[in-house]
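>>> Build me a model:
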Amino acid sequence: MKSVIRTILFTFVVLSLASSCDKWTQPQNLDFHRKTPQQLDPSGYEKYLEGIREYKKSEHKQMFVTMKVYETHPSSQNQHLMAMPDSADFICVTMDGDEIYKSVADEIKQVRESKGTEVLLNVDYAPIYAEWSVLEDQRADEGRPAATDEEIVSFFKSKTQAQLENCTKYGFHGLQVTYVGNRSTHFYQLSQDTYISTIMEFYKNTSGLRLVFRGSARNIVDKEFLAAISHVVIIAGEEKKLNVLVTRLGDAPTDRIIMEVTVPSTDNPEQVGRSAVEAAQWVLEEQNNEKFTPLGLAVSNAYDDYFNKISAFWNIRTAINTMNPSTSEVVPSEDEK
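Model prediction:
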């Protein structure tokens, strides 16, 4: 009898374990995706965005952030416009290629409508000059004569137009015109004049376009262009005496200054020049300067700040709040999202 009971118990245990193991090994659909603030509290998030849009309509010190966009699918969050700091007023886009991946291109309209952020296309003289230099070297190697003025004008006009076409194609809200060259030779004068005049022609024929200048403002002589720009972005680089840089503007307007700095990155963890927070403090210190008016800051490698060890975009967010101490408590903190 005992052996029968033991047999029954053994059979029951085996069947129970088999049943349990079947439940353990049965696949289940688990949601490992972190819910966004919009998913967690749609109405609360919309109120937050409304606060962001109202903030950008108010008088405050502005923040420009620069990022790269690619032809391929984004490989990380910092390659999305919608991932840039919500309180940033302008996103300056540098295209790495001839196209922008569609989902990223769609964010140009989305970030403007949801957050009131303007997206500017960075138009740059440097890559045009680099391409021209290669052709000139080939010309010299082949023993051909130097290019004529007509060839220089034709080349720089067509290459500038090619960059400008992306503004219309993707619906950018404005242009950031970058020029860090000089006028020391006839070639530089001619190529710069062609570059700027081509941009001005496009600007005049495009309604509602914002025009921002970045670079060596003292070397720009087109007064019509200088009068049209809403901001003058000064590249600080390694220079820590920011007031010195403002004295090098030439005929450019001094009442619309944006100081551009960098943030540390994974590849270059050491700060170069003034930090974003230090530059933000400079903006506050000089806001009543009678010789110039700092309107805010720009961060040329904003995408690197996404990987900040403290929190995403810590340097940029801290700089925004430093420049706008009276509104930082009114505008919802991005850490609260």
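>>> partner residues bridging the closest residue to residue 300 other than its chain neighbours?
Excluding the flanking residues, the one nearest residue 300 by CB to CB, 6 or more residues apart in numbering is residue 66, at 5.0 Å. C-betas here are computed from N, CA, C, even on glycine. Beta-bridge partners recorded for residue 66 (DSSP bridges): residue 92.
>>> if I pick residue 66, what's in contact with it?
Residues counted as contacts of residue 66 (CB atoms under 8 Å, 6 or more residues apart in numbering) are 91, 92, 93, 94, 122, 298, 299, 300, 301, 302, 303.
>>> Quick one: mean pLDDT for stretch 202-222?
For stretch 202-222, mean pLDDT is 96.
>>> Buried ones in it, by neighbour count?
Residues of stretch 202-222 classed as buried: 202-203, 209-217, 219-220, 222 (neighbour count, 16 or more other CB atoms under 10 Å).
>>> out of the residues you listed, who's nearest residue 180?
Nearest to residue 180 among those: residue 215, at 4.3 Å, using CB to CB.
>>> Run through the bridge partners of the closest one.
residue 179.
>>> That one reaches residue 229, doesn't it?
No - the criterion here is CB atoms under 8 Å, and residue 215 misses it with residue 229 at 11.4 Å.
>>> joint contacts of these two?
residue 177.
>>> Which pLDDT value belongs to residue 42?
Residue 42 is given a pLDDT of 81.
>>> same deal with residue 332?
45.
>>> again with residue 266
Reading off the model, residue 266 has pLDDT 89.
>>> Would you double-check that it falls in a helix?
No - counting by DSSP: H, G, I helix; E, B strand; the rest coil, residue 266 is not part of a helix but coil.
>>> could the contacts of residue 66 be laid out in a markdown table, adding secondary structure?
Putting the contacts of residue 66 into a markdown table (three-state DSSP) gives the following:
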| residue | secondary structure |
| --- | --- |
| 91 | strand |
| 92 | strand |
| 93 | strand |
| 94 | strand |
| 122 | strand |
| 298 | strand |
| 299 | strand |
| 300 | coil |
| 301 | coil |
| 302 | helix |
| 303 | helix |
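>>> Relative to residue 261, how far out is the residue nearest to residue 300?
Separation of residue 66 from residue 261 (CB to CB, to the nearest Å): 11 Å.
>>> What of residue 53?
Using CB to CB, residue 53 is found at 26 Å from residue 261.
>>> Residue 201 too?
Taken as CB to CB, the span from residue 201 to residue 261 is 33 Å.
>>> which of these two has more neighbours?
residue 261 (28 against 14; other CB atoms under 10 Å).
>>> quick one, phi psi at that one?
The phi and psi values for residue 261, taken as degrees, to the nearest 10, are phi -130, psi 180.
>>> separation between it and residue 147?
From residue 261 across to residue 147, the span is 38 Å (CB to CB).
>>> where does the most centrally placed residue in the chain land on pLDDT?
Nearest to the geometric centre of the chain sits residue 66, at 2.2 Å (CA atoms, centre = their mean). The predicted structure scores residue 66 at 97 on the pLDDT scale.
>>> Same check on residue 26?
Residue 26 is given a pLDDT of 55.
>>> so where do the helices sit in the stretch 1-150 of the chain?
2-25, 37-40, 42-57, 102-115, 125-141, 149-170 (DSSP state H, counting those that start in this stretch).
>>> sorry, that was for the stretch 201-337 of the chain
Here the stretch 201-337 of the chain has its helices, by DSSP H, counting those that start in this stretch, at 223-228, 242-246, 276-285, 314-323.
>>> Residue 45: which of these is closest?
Ranking those by distance to residue 45, with CB to CB as the measure, places helix 314-323 first at 17.8 Å.
>>> packing partners for the closest one?
In terms of contacts (3 or more CB pairs under 8 Å, 6 or more residues apart in numbering; DSSP states H and E), helix 314-323 is packed against strand 62-70, helix 276-285, strand 294-299.
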